[in-house]
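> Turn this into a structure:
(chains A and B)
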Number of protein chains: 2
Amino acid sequence: MSLTDKKDINITPISSLGEFALIDKLTNSFKTKHKETIKGIGDDCAVFDSLKNYKLLSTDMLVEGVHFDLSYSPLKHLGYKSIAVNVSDICAMNGIATHVTVSIAASNRFSVEALEELYLGIDLACTKYNIDLVGGDTTSSLSGLIISVSVYGSVKKKNISYRSGAKPNDLLVVTGDLGAAYLGLQLLKREKEIFKSNPTMQPDLTGNDYALERQLKPEPPSKYIKILNDLKITPTAMIDISDGLSSEALHIAKASNVGVRIHEEKIPVDYTIMNLANEFNLNPIFCALSGGEDYELLFSINQSDYEKIKKDPDFTIVGYVTDISEGNNFIANDGSIHPLTAQGWDGTKEQ
Amino acid sequence: MSLTDKKDINITPISSLGEFALIDKLTNSFKTKHKETIKGIGDDCAVFDSLKNYKLLSTDMLVEGVHFDLSYSPLKHLGYKSIAVNVSDICAMNGIATHVTVSIAASNRFSVEALEELYLGIDLACTKYNIDLVGGDTTSSLSGLIISVSVYGSVKKKNISYRSGAKPNDLLVVTGDLGAAYLGLQLLKREKEIFKSNPTMQPDLTGNDYALERQLKPEPPSKYIKILNDLKITPTAMIDISDGLSSEALHIAKASNVGVRIHEEKIPVDYTIMNLANEFNLNPIFCALSGGEDYELLFSINQSDYEKIKKDPDFTIVGYVTDISEGNNFIANDGSIHPLTAQGWDGTKEQ
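Residues are numbered from 1 along each chain as shown, chains lettered A, B, ... in the order given. This is a model prediction of the structure:
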């Protein structure tokens, strides 16, 4: 009997719910039973009490054809990225990643040498970020490659940053710059189409190293965690930017029960990315707000910490936290105010 | 460029290596960097030092079409099983599971209600075994359902049981009985074939509840961990029986640098399973040695612990540990001695 034969039950397509609504629907009846469980589902990591520290645990799955395309994603880069995106979740709690497990399911299209390439990338990332690979599972799949990574780490109790601690008048800060990973993806997709229509053409990717590297081999924001620690700043709330700045800002707003206000003119975009966006006829701010995969951090700090970061080029203040009654807003360069949505801002269609 | 276009690299099919050789090949260059990492890859769980306790971490992936068939595996059972098989790995270290993360990739063939069924089973297992679900990932897949579970737990330092501590003259003990899960699978496969050839026939599974339950809804061996603790027995080595008794005994032998000797007449098989094996013209001892998925425990104890367990029907002494020079042997009912192999014993073909 196949699943679709069951005429007596409701059939709701998964696509009719967003990812977060789906997780919530599937897990909202689960109760935590252990007093050491400080935080279960709903932040970047699970958090367990462990004397001086909190222990952190998170997991991510990468599926071929959904999260990556092996026609332009080299396996070594993919291995590196699978670790980086998980370490990023630990960073988002202001923590340090220490251990990972890696499970892979691969169809018989993959050779041992292909998997060795993948693990070379995993090893590179583990070496660079001082992480022990301590377990995993390898199995066959009927089609494609699936990579599931779990990451374990820790943070001093006094330093933990949840999504839920932002307070009105806090400053909103992002690390690095945004939008590059999304444009790197557009570039790879374009060159793939050109290659498909004319396989003798060589892809022309010159001058776009930065966008490509940000897409294919992202670095987790670990260095910023060290800088924040050196500056003695504990963000009041923090999240990593995996789905785009606007989506992450809304997560902080919802979890902290506050509003956020983001200024277009403040959003940091690399100049090569500005040019590339123009080439694709895309608004670079749209790429920053909604593109995703930048793996930078968005965090809020008390205004008293402003002096500590104002001269540091690693950090850009992009807005501030407001009372919840003010809603979530995007202030365009012309001074107009638009409701901020997960897709960017309500003025997007007019761009 | 597809992976198979790379003519300048060697192409070794994954199937030419066993799962364990593959993991070893992929990970043997990885070095552990943290002194808290007591055990990385190579046992049932990773082990981290944490003051009074060791923390345990393990992960398993279940792939549709490889590990389960939804035409006879109800989703609720599958959810339950996905937790059970992971908890079993924590038991194999003599530990208690406390937390899990669950990631799923599902194609658009699955409805929200189908995933809710899956999570009902996950919730049932988490409730029964006192485990907090603390994270995960839900994503789409291009085909089928993939479930990746990571499990976290702990064990008192003095109680941990690795695979590597067995000593010559230790007794080899198994919990419960063996072979049932494998026969449950044969039964389900047979009824599926009958259904395919004549869809109006109803499957006849009466009288085989035990085999079916062992296959579809296995219980982790958590209760035996409690009993061992109450009896003040710490196994010198332990492993869970996921791949069949012979394969697991060989793991202990290799990790402990010893030989093992298993007596056919001692292997515990339920009487209903004896009958079912006859129906399938299978040797029930072969099912116990090589069938897999029983999720019982195999462990070694010092002979001084013999008095504590000899009257407990939960435990069966199936053999003993020898010097490595004696090799790994299977003693048949007729007294003949055969080398023990992962596939059972060398006399298998003659059965």
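
> Sheet partners, orientation included, of the strand or helix carrying residue A:61?
Secondary structure assigned from DSSP states H and E places residue A:61 in strand A:53-63. Within its sheet, and counting by DSSP bridges, strand A:53-63 is paired with strand A:46-50 (antiparallel), strand A:145-156 (antiparallel).

> Quick one: the helices in the stretch 101-250 of chain A, in order.
A:112-128, A:180-197, A:209-216, A:222-230, A:245-256 (DSSP state H, counting those that start in this stretch).

> Show me where the stretch 251-351 of chain A has its strands.
Counting by DSSP state E, counting those that start in this stretch, the segments of the stretch 251-351 of chain A that form strands are A:259-263, A:296-301, A:315-322, A:329-331, A:337-341, A:344-345.

> The third one to helix A:245-256, inter-axis angle?
Yep, that's strand A:315-322 we're talking about. Using axes from the mean of the first three to the mean of the last three C-alpha atoms, to 10 degrees, the direction of strand A:315-322 lies 50 degrees away from that of helix A:245-256.

> Check the offset of strand A:315-322 from the chain's centre.
Strand A:315-322 sits 19 Å away from the centroid of its parent chain (C-alpha atoms, centre = their mean, to the nearest Å).

> can you tell me the average pLDDT over that strand?
Looking at strand A:315-322 alone, the average pLDDT works out to 98.

> Tell me the helices and strands packed up against the next helix-or-strand element following the strand holding residue A:61.
Downstream of strand A:53-63, the next assigned helix or strand under DSSP H and E is helix A:75-91. Counting contacts by 3 or more C-beta pairs under 8 Å, 6 or more residues apart in numbering or on different chains; DSSP states H and E, helix A:75-91 packs against strand A:53-63, strand A:96-106, helix A:112-128, strand A:145-156, helix A:222-230, strand A:237-241. For the C-beta atoms, the positions are set from N, CA and C on the backbone; glycine is no exception.

> Pull the CA coordinates from helix A:75-91 and hand them back as PDB.
What follows is helix A:75-91, C-alpha atoms only, in PDB (Å, rounded to 0.1, in the frame of the first residue of the first chain):
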ATOM      1  CA  LEU A  75      33.500  17.600  -3.800                       C
ATOM      2  CA  LYS A  76      36.400  19.000  -1.800                       C
ATOM      3  CA  HIS A  77      34.700  22.400  -1.500                       C
ATOM      4  CA  LEU A  78      31.500  20.600  -0.700                       C
ATOM      5  CA  GLY A  79      33.100  18.700   2.200                       C
ATOM      6  CA  TYR A  80      34.600  22.000   3.500                       C
ATOM      7  CA  LYS A  81      31.300  23.800   3.200                       C
ATOM      8  CA  SER A  82      29.400  21.000   5.000                       C
ATOM      9  CA  ILE A  83      31.600  21.600   8.100                       C
ATOM     10  CA  ALA A  84      31.600  25.400   7.700                       C
ATOM     11  CA  VAL A  85      27.800  25.700   7.800                       C
ATOM     12  CA  ASN A  86      27.600  23.600  10.900                       C
ATOM     13  CA  VAL A  87      30.400  25.500  12.700                       C
ATOM     14  CA  SER A  88      28.500  28.700  11.800                       C
ATOM     15  CA  ASP A  89      25.600  27.500  14.000                       C
ATOM     16  CA  ILE A  90      27.900  27.100  17.000                       C
ATOM     17  CA  CYS A  91      29.300  30.600  16.300                       C
END
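
> ok so, going back, looking at the helices of the stretch 101-250 of chain A, which is closest to residue A:34?
Distances from residue A:34 to each of these were compared by C-beta to C-beta, and the smallest falls on helix A:245-256, at 22.0 Å.

> Report all helices and strands that the closest one contacts.
Using 3+ C-beta pairs under 8 Å, 6+ apart as the contact criterion, the elements in contact with helix A:245-256 are strand A:237-241, strand A:259-263, helix A:284-290, strand A:296-301, strand A:315-322, strand A:337-341.

> Now do it: everything it contacts.
Identification of contacts with helix A:245-256 by C-beta atoms under 8 Å, 6 or more residues apart in numbering or on different chains yields A:42-43, A:162-167, A:172, A:174, A:178, A:237, A:239-242, A:258-260, A:262, A:267, A:288-290, A:292, A:298, A:300, A:318-319, A:321, A:324, A:328, A:330, A:340-345.

> Filter the residues you listed down to the buried ones.
The neighbour-count test (16 or more other C-beta atoms under 10 Å in any protein chain shown) applied to the contacts of helix A:245-256 identifies A:42-43, A:162-166, A:172, A:174, A:178, A:237, A:239-242, A:258-260, A:262, A:267, A:288-290, A:292, A:298, A:300, A:318-319, A:321, A:328, A:330, A:340-342, A:344-345 as buried.

> Great, nothing more from me.
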